[in-house]
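Novice: sequence and predicted structure are below.
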Amino acid sequence: MPRQPRLDFPFARHHVMNRGARRAPVFERSAVKRLFIDLLGDLPKRFGLKIHGYVVMDNHFHLMVETPKANLSHAMKHLQACFVQKLNAQHGWDGPVFRGRFRNRVASEDEYWSHLLAYLHLNPVRAGRCKHPNQGGFSSHQSYMKPQLCPAWLTTGELLELHGGRSGLSQYIHEQLVGTATTPKHFQAQLLWNPNISGSLPAGVEPTFLAITRAVQQVAAVTGLPPEAVMSKPKGANGNPARWVAAWWLTRGHHFSVQQTAKWLRVHRTTALRLIQQAETRGRNDLLVNQWMRTLSHSDWSSGSHQAHEITL
């Protein structure tokens, strides 16, 4: 039976994991854990990933990865291949080190994503390696708690914001540790390694994300920009017109609600509505933006399920 293609799309947030073949203690020595983390730190520069969190245990690892370029498979293939090559060379081994393909789950909900960080940081505690994440362990916990220890390749700001800062994250981890915090009902730790649900979204959700991916790719095609540039938040005062057009195209061309569009852009509903309005205003006055929007609305996107139709600008 052919294996299902891995779900990935621009700016997807992934929970990535893998473990040693035969559950062998691949990372038993501290030097091996450090080797893996050093190789992990190369991925943001090489592949444009954002690493939000990690933990390396004796026989498995967990990563929190965001993929602006939708290239998770390429990045993980590079990471695992480099690690296996170096590890085999050190020990004179040959053959597989990991049990097979890595597993990934898309973490689309902020509640799931923020809880996942605490879950990773508590892995060494629940395995009996230490009594508190502050006491050590090869995870991103110390980088979150002590900014002077945070490497440049690790992205911590977004999850700290979700937790309300370092004190909020520390409090949440404490509550999870003593059992007073509520775990998100859709986060089921006992099912994380289940091969039947790895690398997919719940039924009825996947088509939505695939349709959004197609819409962003269509905007990228008419603007001549890569998808990650279309969706990037502007740093200057002039904004990102391609992002405005993407918000407009999701709602006007693919009939997503403003709330769905806001969720994809990770902004408040009012912000998404403002982006759509900016596109419509610029579409009437800016020749380039007008051309993008007309090309989108008049094109026949025969490669996907969506058929474009006339849209009045």
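Specialist: Everything's here; your move.

Novice: dump the residue contacts of P147.
Specialist: Listed by Cβ atoms under 8 Å, 6 or more residues apart in numbering, the contact set of P147 reads T156. No exception for glycine: its C-beta is placed from N, CA and C like everyone else's.

Novice: is it true that P151 lies in a strand?
Specialist: No - with DSSP: H, G, I helix; E, B strand; the rest coil as the criterion, P151 is located in coil rather than a strand.

Novice: number of nearby residues for the nearest residue to it once chain neighbours are set aside?
Specialist: Using Cβ to Cβ, 6 or more residues apart in numbering and skipping residues adjacent in sequence, the residue nearest P151 is G41, 6.0 Å away. Counted with other Cβ atoms under 10 Å, residues neighbouring G41 total 16.

Novice: then V32?
Specialist: By other Cβ under 10 Å, 20 other residues sit near V32.

Novice: doesn't L87 make contact with it?
Specialist: Yes - here V32 reaches L87: they are 6.6 Å apart, a contact under Cβ atoms under 8 Å.

Novice: joint contacts of those two?
Specialist: V26.

Novice: contacting residues for the residue nearest to P151?
Specialist: G41 neighbours (Cβ under 8 Å, 6+ apart): 51, 151, 153-154.

Novice: could you dump those residues to TSV with neighbour count?
Specialist: Formatted as TSV, these follow (neighbours: other Cβ atoms under 10 Å):
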residue	neighbour count
I51	21
P151	14
W153	14
L154	19
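
Novice: show the pLDDT at the residue nearest to P151.
Specialist: As predicted, G41 sits at a pLDDT of 97.

Novice: what does F27 give?
Specialist: pLDDT recorded at F27 is 88.

Novice: the helix or strand where H78 lies packs against which elements?
Specialist: Using DSSP states H and E, H78 sits in helix 72-91. If you count contacts as 3 or more Cβ pairs under 8 Å, 6 or more residues apart in numbering; DSSP states H and E, helix 72-91 packs onto strand 12-19, helix 30-40, helix 43-47, strand 60-67.
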